[in-house]
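Participant: no sequence on this one, just coordinates:
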């Protein structure tokens, strides 16, 4: 294997762009007025917003290939790398649980939610890192295939894919009860887009990123291009039998979003590393988890204190007569991203990097 590459600004940029997109779609001024590309598909299908979280998990897999795998090749003890990865995963999971607990405490009527975005990131990071440390590449591909085929069989065995009645929702209801993202108190059914079974698909996304990261280290551009196009085609074909569904993280959704992630990674590498285009988004990328977690805390504190209404009302009064309520809602989200860009800009200038 070729020597490890230095830290790639293109990878930081892609991670940062993804985090900025997360903030943009998670913080509109008014959830009743959101342009369709900035909202998730109601159930089946995939809007641009549905690509954001898969791309983050994909780039996390790439980062494992660029950070952990070279250290293993340099002779670092596997046990030490494993322990560091598992402790980091536990910190990420604990942070996600703590944010959910804060929301349950401060926001009336909000139940404690055990699953979450950070919890899924932590689980996928732990499993992908351990596979990178203790197994060969061939095993990674076998695990990806097993996850995709096995999860397909599980979903079909569960019968319907409808919300509330699919097997993933039934498992989450049985395990977590009402402590999920959405709970139907009339039918006593729960649903969580970051639930247990759907994490199987998310793990496959992370492992595809791990393989792509190794090929990026080896400068196998043609292999990456083939991977991107082939997964796109496979995902599109698979969707005729098992539709794209971000909530269930279906195997077709895994392949479709991974294909685009590979091609975007290649494009950014060419633009930033070869053409020397400035790495827009890098500042978000080097403090990714800190920016996302901090924004999540702000999403709890603003409505809990009523500041969200106070901040949005004058903006809405100004922009709604001029451009409509959708533009006003988007403007608030853009301002939210700008505030966090200023924060990560200052952190980067002062070399403050929070490693969770």
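Facilitator: Received it, and whenever you're ready, just let me know what you need. In this text, all values refer to a predicted model and were calculated from it rather than measured experimentally.
Participant: OK, contacts around residue 227?
Facilitator: The neighbourhood of residue 227, defined by C-beta atoms under 8 Å, 6 or more residues apart in numbering, consists of 208, 211, 212, 215, 259, 262. C-betas here are computed from N, CA, C, even on glycine.
Participant: at 10 Å instead, please
Facilitator: 208, 211, 212, 215, 220, 258, 259, 262, 263, 266 (C-beta atoms under 10 Å, 6 or more residues apart in numbering).
Participant: could you flag which of the residues you listed are buried?
Facilitator: The neighbour count (16 or more other C-beta atoms under 10 Å) marks 208, 211, 212, 215, 258, 259, 262, 263, 266 as buried among those.
Participant: now the fifth one: how far from residue 138?
Facilitator: As defined by C-beta to C-beta, to the nearest Å, residue 258 lies at a distance of 19 Å from residue 138.
Participant: where do the helices of the chain begin and end?
Facilitator: With DSSP state H as the criterion, the chain has helices at 9-26, 52-73, 78-106, 117-134, 137-157, 167-176, 199-217, 221-238, 251-269, 282-285, 288-305, 307-323, 325-349.
Participant: JSON lines please, covering these and showing mean pLDDT.
Facilitator: Shown next, in JSON lines, are the helices of the chain (pLDDT from 0 to 100):
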{"stretch": "helix 9-26", "mean pLDDT": "97"}
{"stretch": "helix 52-73", "mean pLDDT": "96"}
{"stretch": "helix 78-106", "mean pLDDT": "97"}
{"stretch": "helix 117-134", "mean pLDDT": "98"}
{"stretch": "helix 137-157", "mean pLDDT": "98"}
{"stretch": "helix 167-176", "mean pLDDT": "98"}
{"stretch": "helix 199-217", "mean pLDDT": "97"}
{"stretch": "helix 221-238", "mean pLDDT": "97"}
{"stretch": "helix 251-269", "mean pLDDT": "98"}
{"stretch": "helix 282-285", "mean pLDDT": "96"}
{"stretch": "helix 288-305", "mean pLDDT": "95"}
{"stretch": "helix 307-323", "mean pLDDT": "95"}
{"stretch": "helix 325-349", "mean pLDDT": "97"}
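Participant: ok, so of the buried ones among the contacts of residue 227, who is nearest residue 78?
Facilitator: residue 211 (19.5 Å; C-beta to C-beta).
Participant: isn't that closest one up against residue 142?
Facilitator: No: under the criterion of C-beta atoms under 10 Å, residue 211 makes no contact with residue 142, lying 11.7 Å away.
Participant: OK, contacts around residue 8?
Facilitator: 14, 62-63, 66, 213, 216-217, 265, 268-269, 272-273, 279.
Participant: and the pLDDT for it?
Facilitator: The predicted structure scores residue 8 at 93 on the pLDDT scale.
Participant: against residue 135, how distant is it?
Facilitator: Relative to residue 135, and taking C-beta to C-beta, residue 8 is found at 24 Å.
Participant: residue 181 too?
Facilitator: For residue 181 relative to residue 135 (C-beta to C-beta), the value is 33 Å.
Participant: who's more crowded, these two?
Facilitator: A direct count of neighbours by other C-beta atoms under 10 Å for residue 181 and residue 135 places residue 181 higher, at 18 against 12.
Participant: for that one, give its distance to residue 210.
Facilitator: Residue 181 is 27 Å from residue 210, by C-beta to C-beta.
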